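A.B. asks: predicted coordinates and the sequence they were generated for:
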Amino acid sequence: MPIRVADDDWSDSDDEVVTGVETDVLLGVPDGSVESDNDLRDAAVSRIGGLPALLPSREPPFPSSQCNNCSNPMELLVQIWCPFEDSTMDRALYIWGCARASCQRQPGSVRAWRALRYNAEYAAKLEKKKARKDAQRKAAGPAPVNDANPFSMQTPAAPSAFGLGDQIFGQASNSPFEPSPAKEVHKDDDQSDDESEASSTEDSLITAMASTTIRESPWTAAPSYPATYLSTMTEYIPPVPKTKIPENARMEDPADDDKGGKDGSWGLETYENTLKVDLVFERFTKRINHAADQCLRYELNGTPLPFASDKVFEVLFPAPPQDPLPVTGAAFKVVSPVRRSYNVSSIPHCSVCKSSRVFECQLMPNLINVLRAADKDKDTDSDRKLTDAERIKAVQDALKSNQTSDRRGMEWGTCMVFSCGKDCCLDEGGKDARECWREEHVLVQWDE
């Protein structure tokens, strides 16, 4: 059975990286284009690109998708179905990004929204489940004395979105690569439920999920990439293979080669190149190479994977105070690798309930490749439908509008989303609401 590992600290030493483990991170990977109209309208089907399947019954304001720099509507990058364990609320995340060149490296060019909606059918099932367990507990008599080992490594489970098995992103647990219909969402595992009642509940869920559409609204005219299914898989870091050295092998010191230059320039060049290595980016690359097709990393209340040693990294993983190095030649001191601890104190609190925000997910560089490839395929298909005259006119129009502001291409390395730790759903008066639409905090590390 694979062991699991948490990754709350960041060290400047590669020796700290554990291999041969299954982590708590879920990886979102592309899994084919979305062709079904029902899936396109289903908020419980996670996707890359496409138009949003809006969860709230009241249509959210269209400016939610607008770039805070150019004020133009942005394309949907991902939509994630991610309800919390034993929650009565349906839940989804929507992340938009601006591809205009002039908006890159600007705050507000990537925005994330959290949508919640009360699920009355599932709430009723939870009540029946609770009542049934209470009755079973009462019939069983007093609970046995807890003789668990207080020094065991197990820790209390934090609130998570994984109470549905592997059904986060709207997928059945038996196959993480095949998107499931909405009827699988919020499905109880208790086999004692009445089959007809379960069937009725599932049918109503399908209707509820498809009831919110964007027909006859500004959302239908929004720019979009072709929709692609977003499937999930657990991150696994394989063990490092052991290198077998032949018995007759001759070991050479690479330092001898550095001394080969008459003026010592080889050794100096090696030293200078070492100084230019970004250890954070190097570690980021090694980590994602285990699953290079990942477009998203999801770990509610987890730790983000930093892209590079920039200002965002320094904010999230501040260096601890260290003793100053000696300045005299006689003194000598060994400096240990710096261990940085993940810290979210700099992340703004929820604007509604004022509770702390926690890391939930981050977009990965391969998402840009997937969106770009899907967009090119769409352009190719549209070119085939044009007549020669229409194609010539399209080229002429493109040449006339050859302006810098029209150039497109996203340049971020990763986009981290931090959401309300309490997953609040409150109205303007601070009272519990049956649905909400809230913007969450996004930190972007840009590709250099």
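C.D. replies: Looks like it came in fine.
A.B. asks: could I get the contacting residues of residue 359?
C.D. replies: Contacts for residue 359 (Cβ atoms under 8 Å, 6 or more residues apart in numbering) come out as 299-304, 344, 416-418. For glycine as for every other residue, the C-beta is placed from the backbone atoms N, C-alpha and C.
A.B. asks: now those in a markdown table, with distance to residue 91 and secondary structure?
C.D. replies: Below are these laid out as a markdown table (distance: Cβ to Cβ, whole Å; DSSP: H, G, I helix; E, B strand; the rest coil):
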| residue | distance to residue 91 | secondary structure |
| --- | --- | --- |
| 299 | 16 | coil |
| 300 | 11 | coil |
| 301 | 14 | coil |
| 302 | 17 | coil |
| 303 | 21 | coil |
| 304 | 20 | coil |
| 344 | 21 | coil |
| 416 | 19 | strand |
| 417 | 13 | strand |
| 418 | 16 | strand |
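A.B. asks: of those, buried ones?
C.D. replies: Among the contacts of residue 359, those classed as buried by neighbour count (16 or more other Cβ atoms under 10 Å) are 299-300, 302-304, 344, 416-418.
A.B. asks: which parts of the lengthiest helix in the chain are buried?
C.D. replies: Longest helix in the chain, counting residues (DSSP state H): helix 120-140. Buried residues in helix 120-140, counted by 16+ other Cβ under 10 Å: 121-122, 125, 129.
A.B. asks: how about stretch 367-379?
C.D. replies: Buried residues in stretch 367-379, defined by neighbour count with 16+ other Cβ under 10 Å: 367-368, 370-371, 374-375.
A.B. asks: just stretch 428-447 next, same as before
C.D. replies: The neighbour-count check on stretch 428-447 (16+ other Cβ under 10 Å) flags 433, 435-438, 440-446 as buried.
A.B. asks: in strands only, show me these.
C.D. replies: Counting by DSSP state E, those place 435-438, 440-446 in strands.
A.B. asks: looking at these, which is nearest residue 46?
C.D. replies: The nearest member of these to residue 46, counting by Cβ to Cβ, is residue 440 at 16.8 Å.
A.B. asks: identify, from the ones in strands among the buried residues of stretch 428-447, the entry nearest to residue 308.
C.D. replies: Nearest to residue 308 out of those is residue 445 (Cβ to Cβ; 5.8 Å).
A.B. asks: mind listing what the closest one touches?
C.D. replies: 306-308, 310, 312-313, 412-416 are the contacts of residue 445 under Cβ under 8 Å, 6+ apart.
A.B. asks: could you flag which of those residues are buried?
C.D. replies: Using 16+ other Cβ under 10 Å, the buried ones in those are 306-308, 310, 312-313, 412-416.
A.B. asks: quick one: residues contacting residue 56.
C.D. replies: Here residue 56 is in contact with 115, 117, 212, 435-437 (Cβ under 8 Å, 6+ apart).
A.B. asks: which two in the residues you listed are spaced the farthest apart?
C.D. replies: So, these by Cβ to Cβ: farthest apart are 212 and 436, at 14.1 Å.
A.B. asks: just the helices in the stretch 51-200 of the chain please.
C.D. replies: 120-140, 195-211 (DSSP state H, counting those that start in this stretch).
A.B. asks: now the host helix or strand of residue 283: buried residues?
C.D. replies: In the assignment (DSSP states H and E), residue 283 maps to helix 279-288. Within helix 279-288, the residues that qualify as buried by neighbour count (16+ other Cβ under 10 Å) are 280-281, 283-284, 287-288.
A.B. asks: who does the following helix or strand past it touch, helix- and strand-wise?
C.D. replies: Next along the chain after helix 279-288, taking DSSP H and E as the criterion, comes strand 296-298. Counting by 3 or more Cβ pairs under 8 Å, 6 or more residues apart in numbering; DSSP states H and E, the packing neighbours recorded for strand 296-298 are strand 21-33, strand 75-81, strand 228-237, strand 357-363.
A.B. asks: quick check: bridge partners of residue 363?
C.D. replies: residue 296, residue 415 (DSSP bridges).
A.B. asks: so how many other residues sit close to it?
C.D. replies: The number of residues packed near residue 363 is 27, by other Cβ atoms under 10 Å.
A.B. asks: and if you look at residue 356?
C.D. replies: Residue 356, neighbours per other Cβ under 10 Å, totals 15.
A.B. asks: dump the residue contacts of the closest residue to it other than its chain neighbours.
C.D. replies: Among residues not flanking residue 356 along the chain, residue 421 sits closest, at 5.0 Å (Cβ to Cβ, 6 or more residues apart in numbering). Contacts for residue 421 (Cβ under 8 Å, 6+ apart) come out as 301, 350, 355-358.
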